[in-house]
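# Give the three-dimensional model of this entry:
(chains A and B)
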Amino acid sequence: MTRVQLVNVTRRFGQTVAVDRFSADIADGEFITLLGPSGCGKTTTLRMVAGLVEPSAGTIVFDDQVMNGVPTNRRNIGLAFQSHALFPHLSVARNVAFGLEVKGRPKSDIRQRVDEMLAMVELSDYAERSPAQLSGGQQQRVALARMLATDPRVLLFDEPLSALDRNLRDTLKYSILDLQRRTKKTAIYVTHDQSEAFAISDRIFVMNEGHIEQAGSQLDIYLRPQSEFVANFVGDNNPVHGRVTGFVRQDDGSRLVEVTSGAVRLLAIDTGGLKQGEAAVAFVRPETIEVLERVEQSNNPYVLEGTVEQVVFEGPTVRLMVDVDGTPLLVEVGGLTRLSLIGADRKRIRIWPREVSAVRDRTTVAA
Amino acid sequence: MAVSTTSMAVERQQERRQLFRPGLVFDALAHAYIWFWLAIFALPFLATLFYSLQQVGGGGWSLDAYQYVLGSFRDNLILSFETTVATIVINLLIAIPAAYAIVRFPIPGKSFLLSVLNMSLYTPAAVMGVSLVIAYAFLFHIPQTLVGLVAAYVVGTFPLMLVPIIVALRDLPGVFEEAARTLGASRMQSFFRIELPLLGPGISAGILLTFVIIFNEFLVTLFIAGPATTTAALRVYNLTRTAGFQPSTAALASTMQIVSFLVVLIFFQVFGSRYLKGTYLI
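As a prediction, this is how the structure comes out:
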């Protein structure tokens, strides 16, 4: 039941700025993810919320209490570590009980709460085991039970699944989401894995070099990337550098922008108020390029014609490298259409890029 | 059944072949070499042990000499134990917080500080003895007392306690303390409930080193001790000097040797040698 606000939170380590004016308003019960490459400042941000690192500037607020200067043990948070950090000399039950013991709760309450927590993560039979006797997934579940036992205000996750193997990661990420939904606690989750971020978050903050590149829903991040970094970091993308050559008003009143680069003409969602003639980068997702099977001529000016340079069959999809008058485009085709494309090397095909987005081309402006 | 019999026969054949492989001679020589040096090392101790088991006046074996160990040597042994335990306790009280501060906090000139703290390890015992006599007699007026003796031992062996605890604390991931803190534990709670138990092996190593050194300490004791503070090691020296080497003295010497040996043996069985790295035992 806690709203978490970060206002211009900054952390410097010597000369380097690890986190640069990070601001976020996280609603009570919201699940947000800090997504970014290693060294982008996401973990430092999380550690500042936990109180393990003090901000150099800015304010961290839980509800209406300023948290700056409040020691970690008085913040009433739960933190899941990448290495689970179970105390090796204590049994599973004693690990879960630890937070309650240091808070001086009565013994009978502690026992009851520990039983309840272990039942929740389905490890009741393992209470007396030592952490070393558990598998990696079980250890992380004990860590979750331990962190929830004290009924913390905010749940923090520091890449809790990255040390586990793939199948376990998939099941555990849904367990984490389920626990958060059931307890209705505000959660901040740090990861470099976009599939994790997309699966569990209400909102994603994409971070790069200490600052927020973009914050928004999965759809915003995926379909309307506001910077080249976001477009390239999240999923595959074909960046096409060109110029704004026109605008198209749609039926619902929204405006699409036309970006042209040589023979490639694209109709894109404008994410940053582009102007006529301006240098722009359009991002074309390989999986949203439609391969037109019928050869018939159409008057759609955004259908492109190119030569298939390479075909790679990947099982569920086929990846084509298509050359459109010198512009290479990666195309990913699923469904039954993909089978008809096997052996299509050197063939001319017609493709229609859909769901394109465009931003101002900063590299060209700088040059 | 038939298959297994055949395979057993093959194995037996291979065994026989291995018995006569040329490497065997080399192996035997290598083992002999090791045992030869072990014998050379153990010989002085074994000689003392044999001597202590001689019947006085000759003619056979006897445990008679050992009655003195719990007789007239009893006070010396008790004093040795007392001073050792007192030194260990004081060393622990100093070394644990010191190690924590050195490992966990940024201190300018850390390596210089460590060199100073380790100074007594590379100071000759005789130099230590003279220095302590000067300091205690003229500065603190505590020569020839139990307090003076224990203080001298602490000065001499403090780094032996400090180094293994530093090694153990450096090996201990900081994430345990962080986890304890996020769960609501204060710095003190997380230290006493989480870090201290996990430092157990390092602390035991420090206790072992202090025990072995103090229990057998002689040279510094010679300078500092008075008539009322004659430790077992000093008694062995005094007796040998005044009465020659008697089987009873040998019994006391052997008892001390056996106690130290057993303590080290048990430690290696329980904890291994890991936390003795960086100390001068390994």
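# Only C-alpha atoms from now on, for both contacts and neighbour counts.
Will do.
# my read: residue B:118 touches residue B:159, true?
Yes: between residue B:118 and residue B:159 there is a contact at 5.3 Å, judged by C-alpha atoms under 8 Å.
# quick one, which of those two is more surrounded?
A direct count of neighbours by other C-alpha atoms under 10 Å in any protein chain shown for residue B:118 and residue B:159 places residue B:159 higher, at 25 against 19.
# what are the ranges of the helices in the chain?
The chain I'm using is chain A. A:42-50, A:92-102, A:107-120, A:136-149, A:166-183, A:194-200, A:218-223, A:228-233, A:337-340, A:362-366 (DSSP state H).
# oops, I was thinking of chain B
B:2-19, B:23-52, B:74-104, B:110-117, B:125-134, B:146-171, B:175-182, B:187-190, B:196-198, B:200-215, B:219-224, B:232-243, B:247-271.
# what bits of chain A have low per-residue confidence?
A:294-298, A:364-367 (pLDDT under 70).
# coming back round to it: quick one: which of the helices of chain B is nearest residue A:262?
Closest of the helices of chain B to residue A:262 is helix B:175-182, at 55.1 Å (criterion: C-alpha to C-alpha).
# Does anything pack onto the closest one? Which helices or strands?
Here helix B:175-182 is seen to pack against strand A:77-80, helix B:187-190 when contacts are counted using 3 or more C-alpha pairs under 8 Å, 6 or more residues apart in numbering or on different chains; DSSP states H and E.
# could you give the angle of it to helix A:42-50?
Per axes from the mean of the first three to the mean of the last three C-alpha atoms, to 10 degrees, the angle that helix B:175-182 makes with helix A:42-50 is 40 degrees.
# I'd like the average pLDDT over helix B:175-182.
The pLDDT scores in helix B:175-182 average 94.
# what does stretch B:224-243 give?
85.
# what comes up buried for it?
B:224-225, B:229-237 (16 or more other C-alpha atoms under 10 Å in any protein chain shown).
# same check, this time on stretch B:185-202
Within stretch B:185-202, the residues scored as buried using 16+ other C-alpha under 10 Å are B:185-186, B:190-191, B:193-195, B:198-199, B:201-202.
# Can you tell me the closest non-neighbouring residue to the residue of the stretch 151-282 of chain B found nearest chain A?
Closest contact between the stretch 151-282 of chain B and chain A, by C-alpha to the nearest C-alpha, is at residue B:184 (3.9 Å). Excluding the flanking residues, the one nearest residue B:184 by C-alpha to C-alpha, 6 or more residues apart in numbering or on different chains is residue A:73, at 3.9 Å.
# which residues touch residue A:339?
residue A:318 (C-alpha atoms under 8 Å, 6 or more residues apart in numbering or on different chains).
# With residue A:329 as the reference, measure out to it.
19 Å (C-alpha to C-alpha, to the nearest Å).
# Who are the contact partners of whichever residue of the stretch 1-150 of chain A sits closest to chain B?
Nearest residue of the stretch 1-150 of chain A to chain B (C-alpha to the nearest C-alpha) works out as residue A:73 at 3.9 Å. When contacts are counted by C-alpha under 8 Å, 6+ apart, residue A:73 touches B:181-186.
# what ranges of chain B fall below the confidence cut-off?
Along chain B, segments meeting pLDDT under 70 span B:1-21, B:57-58, B:138-143, B:273-282.
# Show me it divided up by domain.
Taking automatic domain parsing as the domain assignment, the ranges for chain B are B:2-52, B:65-276.
# and of the helices of chain A, who's closest to residue A:8?
Of the helices of chain A, nearest to residue A:8 by C-alpha to C-alpha is helix A:42-50, at 11.2 Å.
# contacts for the closest one?
Outside helix A:42-50, the residues that touch it by C-alpha under 8 Å, 6+ apart are A:11, A:18-19, A:34-36, A:53-55, A:60, A:72, A:75, A:77, A:79, A:156, A:158, A:188, A:190, A:207, A:210, B:182.
# re earlier: Provide the backbone phi and psi angles at the residue of the stretch 151-282 of chain B closest to chain A.
phi 110, psi 0 (degrees, to the nearest 10).
# how about residue A:324, what does it touch?
A:263-264, A:304-307.
# So what's the gap between stretch B:60-70 and the chain middle?
Remark: stretch B:60-70 is offset 26 Å from the chain centroid, using C-alpha atoms, centre = their mean, to the nearest Å.
# What residues does the residue sitting nearest the centre point of chain B make contact with?
Closest residue to the average C-alpha location of chain B: residue B:212 at 2.9 Å, with C-alpha atoms, centre = their mean. Counting by C-alpha under 8 Å, 6+ apart, residue B:212 touches B:260, B:264.
# Over to residue A:180?
The neighbours of residue A:180, taking C-alpha under 8 Å, 6+ apart as the test, are A:31, A:186-187.
# roughly how far apart are it and residue A:138?
18 Å.
# now swap in residue A:124 and tell me
Residue A:124 is 11 Å from residue A:138, by C-alpha to C-alpha.
# Likewise for residue A:193?
21 Å.
# I figured the residue of the stretch 151-282 of chain B closest to chain A hits residue A:97, correct?
No: counting by C-alpha under 8 Å, residue B:184 stays clear of residue A:97, with 11.6 Å between them.
# follow-up on the earlier one: most neighbours out of the contacts of residue A:324, which is it?
Neighbour counts for these, by other C-alpha under 10 Å, peak at residue A:306, which reaches 22 neighbours.
# In this structure that residue contacts residue A:352, no?
No: the criterion here is C-alpha under 8 Å, and residue A:306 misses it with residue A:352 at 10.8 Å.
# Chain B contacts on chain A?
A:50, A:52, A:72-79, A:81, A:85-87, A:89, A:98-99, A:102-103, A:147, A:150 (C-alpha under 8 Å from any C-alpha of the partner chain).
# Residues of the stretch 151-282 of chain B that sit close to chain A?
B:175-176, B:178-186, B:189, B:194, B:197-198.
# Let me know the closest of those to residue A:165.
residue B:175 (21.7 Å).
# Count residues in the vicinity of the closest one, would you?
Using other C-alpha under 10 Å, residue B:175 has 16 neighbouring residues.
# Kind regards, and thank you for your time.
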